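K.L.:
Below is the structure, and that's it, no one-letter string:
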């Protein structure tokens with residue numbers, strides 16, 4: 001476990017200072033302070049100024065660390081199951097359309113809500129419920145629904161059997177020897193399982209697309225931080241990016257996304273990235289960001305025995321693939337969640 005980066009006193013000071021910077025930005029934009037009722041009023045498609053985003057991230061990380069310190073060692077362990085119950089609740093909400101049965105501008109009793117949703121009234125608690133800014137996002141937002149349900153239905157069951165998979169297939173890096181394999185009772189690659197069911201495949205594609213709508217995934221980070229002139233007349237390949245080089249159903253409809261003046265220079269290529277490539281291509285993180293990467297690492301390990309990689313393991317990967325790859329380094333653009341990894345093919 002990461003031992004953390006500050007005392008309770010230091011964390012309180014950091015939270016106060018960084019939160020003030022964030023709130024001052026809201027005032028400068030004539031926005032109200034964030035609330036459960038109204039949310040934060042920000043458009044997630046528009047990136048925050050870099051210094052404001054940094055202040056927000058600092059406040060969140062320090063708050064998270066303070067929360068864990070105040071829980072204490074035993075409290076941290078006992079609170080660990082919490083998030084899975086939230087995911088369970090979201091599955092119920094989507095499956096029984098519970099959010100749609102709550103009036104937008106008034107309350108409803110839990111008993112009335114249970115009846116309207118077709119659930120057992122005996123399971124309903126006393127009192128009433130109203131919408132918050134968060135629950136309203138669950139309405140008429142199919143891509144968000146795809147993201148949440150993809151996590152709940154494809155990834156979450158995999159986590160429950162990952163330790164069993166490690167015991168059954170020690171040291172395996174095969175995509176069909178994972179927690180997913182055991183939880184979904186399959187000997188196939190997870191992607192092959194999903195693509196057999198059109199509904200699941202569409203949900204998976206929409207989930208991946210939704211996860212990349214955040215400004216930190218914007219293509220501008222690549223355009224502004226990589227010298228494309230250095231590759232001359234080389235070929236640029238978008239691998240597994242929904243519209244680029246991917247499975248046939250995924251790249252369908254690419255043409256409508258290509259500007260007229262580029263149609264002669266852009267083409268979709270049907271390819272499974274787990275098979276040989278048909279086109280031969282020539283920091284320091286905060287405690288919260290690092291934890292996020294570790295969680296992603298665990299998720300993809302459980303799903304298909306993949307992993308997140310640091311600089312050293314990327315060097316090893318290129319070397320193992322072919323010693324004729326020369327690793328040139330990794331650059332993390334400010335505000336981005338994806339790094340620019342450069343390697344040059346020196347062979348023929």
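P.N.:
Nice, I can see it. In this text, all values refer to a predicted model and were calculated from it rather than measured experimentally. Residues are numbered from 1 along each chain as shown.

K.L.:
all helices in the stretch 201-348 of the chain, in order from the N-terminus.
P.N.:
Here the stretch 201-348 of the chain has its helices, by DSSP state H, counting those that start in this stretch, at 220-223, 248-251, 287-304, 311-321.

K.L.:
What helices and strands are in contact with the last one?
P.N.:
This means helix 311-321. Secondary-structure packing of helix 311-321 (3 or more C-beta pairs under 8 Å, 6 or more residues apart in numbering; DSSP states H and E): strand 325-331. In this view, the C-beta of every residue, glycine as well, is placed from N, C-alpha and C.

K.L.:
Nearest the geometric middle of this structure, what residue?
P.N.:
The centroid of the chain falls nearest to residue 211 when counting by C-alpha atoms, centre = their mean (5.3 Å).

K.L.:
any idea what sits nearest that one, other than its immediate chain neighbours?
P.N.:
In space, and not counting its chain neighbours, residue 211 is closest to residue 147: 6.0 Å by C-beta to C-beta, 6 or more residues apart in numbering.

K.L.:
and that neighbour, how far is that from residue 86?
P.N.:
Going from residue 147 to residue 86 by C-beta to C-beta, to the nearest Å gives 14 Å.

K.L.:
ditto for residue 188
P.N.:
The gap separating residue 188 from residue 86 is 30 Å, by C-beta to C-beta.

K.L.:
Among those two, which residue is more densely surrounded?
P.N.:
A direct count of neighbours by other C-beta atoms under 10 Å for residue 188 and residue 86 places residue 188 higher, at 14 against 9.

K.L.:
Give the closest residue to the more buried one in space, chain neighbours not counted.
P.N.:
Nearest in space to residue 188, with sequence neighbours left out and distances taken as C-beta to C-beta, 6+ apart, is residue 176 at 5.8 Å.

K.L.:
Can you give me the distance of that neighbour to residue 120?
P.N.:
Remark: distance between residue 176 and residue 120 (C-beta to C-beta) = 39 Å.

K.L.:
what does residue 296 give?
P.N.:
Look at residue 296 and residue 120: by C-beta to C-beta, they are 37 Å apart.

K.L.:
So those two - more neighbours on which side?
P.N.:
More crowded of residue 296 and residue 120, by other C-beta under 10 Å: residue 296, with 13 against 8.

K.L.:
So that one sits against residue 306, correct?
P.N.:
No - when contacts are counted by C-beta atoms under 8 Å, residue 296 is not listed as touching residue 306 (9.9 Å).

K.L.:
Pull the contacting residues for the closest residue to residue 128 other than its chain neighbours.
P.N.:
Leaving out its chain neighbours, the residue that sits closest to residue 128 by C-beta to C-beta, 6+ apart is residue 107, at 4.3 Å. With contact taken as C-beta atoms under 8 Å, 6 or more residues apart in numbering, residue 107 is in contact with 128, 129, 130.

K.L.:
Closest to residue 24 out of these?
P.N.:
Nearest to residue 24 out of these is residue 130 (C-beta to C-beta; 30.5 Å).

K.L.:
What does the residue nearest to the closest one when sequence neighbours are not counted show for phi and psi?
P.N.:
In this structure, residue 130 finds its nearest non-sequential neighbour in residue 107, 4.6 Å apart by C-beta to C-beta, 6+ apart. Main-chain torsions, residue 107, degrees, to the nearest 10: phi -100, psi 170.

K.L.:
Report the separation between residue 107 and residue 131.
P.N.:
9 Å.

K.L.:
got it, and residue 302?
P.N.:
Distance from residue 302 to residue 131, counting by C-beta to C-beta: 33 Å.

K.L.:
Looking at these two, which one has more neighbours?
P.N.:
A count of neighbours by other C-beta under 10 Å puts residue 302 above the other of residue 302 and residue 131, at 27 against 20.

K.L.:
Tell me which residues touch that one, please.
P.N.:
Residue 302 makes contact with 155, 158, 159, 161, 162, 165, 178, 179, 180, according to C-beta under 8 Å, 6+ apart.

K.L.:
mind listing which of those residues are in strands?
P.N.:
Of those, none are assigned to strands by DSSP state E.

K.L.:
out of those, what pair is the most spread apart?
P.N.:
By the measure C-beta to C-beta, 155 and 165 form the most distant pair in these, at 13.8 Å.
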